[in-house]
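# let me see the structure of the following:
(one chain, ligands or ions: 2)
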Amino acid sequence: MVKAVVAGASGGIGQPLSLLLKASPLVDKLALYDVVNTPGVTADLSHISSIAQIEGFLPADDGLKKALTGADVVVIPAGIPRKPGMTRDDLFKINAGIVKGLIEGIAETCPDAYILIISNPVNSTVPIAAEVLKAAGKFNPKKLFGVTTLDVVRAETFVQGITGERDPSKTVIPVIGGHSGETIVPMFSQAKPAVKIPEDKLDALIHRIQFGGDEVVEAKGGAGSATLSMAYAGFRFTESIIKAAKGESGIVEPTFVYLPGVQGGEEIQKETGCDFFSVPVHLGKEGAEKVENIVSKANDYEKKLLEKCYEGLKGNISKGVEFAQNPP
Ligand code: NAD
Ligand code: LMR
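Residues are numbered from 1 along each chain as shown. Ligands and ions are numbered 1, 2, ... in the order given. You can find the predicted model right below:
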């Protein structure tokens, strides 16, 4: 039996993500939580003839607690999205508090659940979550993940113009670091099968992956950021977590984790100076089993990208930790 919860279920990401989870044969129970509109979204999805039994909750009458009770996986796309001209860090003021509140609920009600954070800025909201869980004595670094799958999906898609591969998802491209601008580091040197990017195309390709989010924000002209591609990416990652939890082996996904808490992570922490980092993680029954030290395999071009990544990422992480330790 797998119970999944979506917190922020009525939003641009929340609705299509809930649809995908409702349709998934891997989910037995699905709880939708949001501060608005969950009765409507739940009624709508409940007519789909799939396995998952669905329930919706609002904050009234202990709704968060009811949604979270018995949860195995909690996916969090709650919070405001960017408008043109904003950085993800501009979302911190509002989203930091939203994530903190939800994680406090998880610590109290379902501390053993896998926690998948989509809310931006991921580079800071995941450290906030870790601190809140630590303070409650419930932190399991193997089960806390920042969802950076959309960067991987973009890398797969944008490189297709060069590889000509019919199905872009068949090329595995690790994207590591964080989830904003220059903290996003695609590692084409480690692509499988190997990909040869012409030198004159590499800068533009890397830039497009790092700033792919801006492309969508601009195109939506003030109506939000990536929602459908994020729902796809969020679902893909959630499915991997559930499959691994059910015992499927060989599942590896880049995701933003607390390095010292996962086998192999300390080495990368020393190398990068960052406590949190997205790296390919081997997923198993207990969550993050071990991380791959792909950082040490970077070529000279990627080393330069990584130096810039560390600079930005360290500040984002400290900001999250500081917020959680000394709330304003
Ligand atoms: P949205 O505004 O459409 O939806 C957000 C939802 O969160 C709304 O329904 C809102 O009512 C709900 N919400 C607000 N406070 C809440 C609370 N305390 N508890 C539960 N629900 C709450 O926004 P969106 O487009 O779905 O984006 C959501 C977040 O995901 C944003 O922060 C965005 O930047 C982020 N995002 C991350 C990635 C990624 O790759 N990690 C990709 C795209 C978007
Ligand atoms: C993305 O990468 O699309 C998301 O992080 C949303 C954003 O603000 O760009």
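# alpha carbons only for contacts and neighbour counts from here, please
OK.
# so residue 186 sits against residue 175, correct?
Yes. If you go by Cα atoms under 8 Å, residue 186 and residue 175 touch, sitting 4.1 Å apart.
# overlap in contacts of the two?
152, 155 (Cα atoms under 8 Å, 6 or more residues apart in numbering).
# nearest residue to residue 45 in space, please, no chain neighbours.
residue 19 (6.7 Å; Cα to Cα, 6 or more residues apart in numbering).
# same for whichever strand or helix holds the one you found, what does it pack against?
Assigned by DSSP states H and E, residue 19 belongs to helix 14-23. Applying 3 or more Cα pairs under 8 Å, 6 or more residues apart in numbering; DSSP states H and E, one finds that helix 14-23 makes contact with strand 3-7, strand 29-33, helix 38-45, helix 228-245.
# can you list the buried residues in the third one?
Within helix 38-45, the residues that qualify as buried by neighbour count (16 or more other Cα atoms under 10 Å) are 38-39, 41-42, 45.
# direction included, what does the helix or strand following it pair against?
Per DSSP H and E, the first helix or strand lying C-terminal to helix 38-45 is strand 53-57. Here strand 53-57 has these sheet partners by DSSP bridges: strand 29-33 (parallel).
# so how far is the partner strand off the chain centroid?
19 Å (Cα atoms, centre = their mean, to the nearest Å).
# quick check: angle from it to helix 38-45?
With axes from the mean of the first three to the mean of the last three Cα atoms, to 10 degrees defining the directions, strand 29-33 sits at 150 degrees from helix 38-45.
# and the contacts of strand 29-33?
Here strand 29-33 has contacts from 1-10, 18, 21-22, 38, 42, 52-59, 63-64, 67-68, using Cα under 8 Å, 6+ apart.
# the same query, at a cut-off of 6 Å, please.
The contact list for strand 29-33 (Cα atoms under 6 Å, 6 or more residues apart in numbering) reads 3-7, 9, 52-57, 67.
# adding neighbour count and pLDDT, write those residues out as CSV.
CSV is the format used below for the contacts of strand 29-33 (neighbours: other Cα atoms under 10 Å; pLDDT from 0 to 100):
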residue, neighbour count, pLDDT
3, 23, 98
4, 30, 99
5, 28, 99
6, 27, 99
7, 27, 99
9, 30, 99
52, 22, 98
53, 15, 98
54, 21, 98
55, 20, 98
56, 25, 98
57, 25, 98
67, 26, 98
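# tell me, what's the model's pLDDT at the residue of the chain most remote from its centre?
Outermost residue of the chain with respect to the C-alpha centroid, by Cα atoms, centre = their mean, is residue 200; its distance is 31.1 Å. What the model reports for residue 200 is a pLDDT of 94.
# residue 206 versus that one, what's the distance?
12 Å (Cα to Cα, to the nearest Å).
# what do you get for residue 263?
29 Å.
# sorry, back to before: which one of the contacts of strand 29-33 is nearest residue 76?
Checking the contacts of strand 29-33 against residue 76 with Cα to Cα, the nearest one is residue 7 at 4.9 Å.
# touching, that closest one and residue 76? I think so.
Yes. The pair residue 7 / residue 76 is scored as a contact, 4.9 Å apart, by Cα atoms under 6 Å.
# sec struct for residue 207, please.
helix (DSSP: H, G, I helix; E, B strand; the rest coil).
# contacts only, for it.
Residue 207 touches nothing, counting by Cα under 6 Å, 6+ apart.
# next one: it, what pLDDT does it get?
Looking at residue 207, its pLDDT is 98.
# any idea how far residue 187 is from the residue in the chain that ligand 2 sits nearest to?
Per Cα to the nearest ligand atom, residue 213 is where the chain lies closest to ligand 2, at 3.3 Å. Using Cα to Cα, one gets 18 Å for the distance from residue 213 to residue 187.
# more crowded one of the two?
residue 187 (23 against 20; other Cα atoms under 10 Å).
# and the more buried one, how far from ligand 1?
According to Cα to the nearest ligand atom, to the nearest Å, residue 187 stands 18 Å off from ligand 1.
# again with residue 180
From residue 180 to ligand 1 the distance is 9 Å (Cα to the nearest ligand atom).
# also residue 64?
Relative to ligand 1, and taking Cα to the nearest ligand atom, residue 64 is found at 8 Å.
# alpha carbons of the helix or strand harbouring that residue, as CSV, please.
Per DSSP H and E, residue 64 falls inside helix 63-68. The C-alpha coordinates for helix 63-68 follow below in CSV (Å, rounded to 0.1, in the frame of the first residue of the first chain):
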residue,chain,number,x,y,z
GLY,A,63,-6.9,19.2,7.3
LEU,A,64,-3.1,19.0,7.1
LYS,A,65,-2.8,16.4,9.8
LYS,A,66,-5.6,14.3,8.2
ALA,A,67,-3.9,14.6,4.8
LEU,A,68,-0.5,13.5,6.1
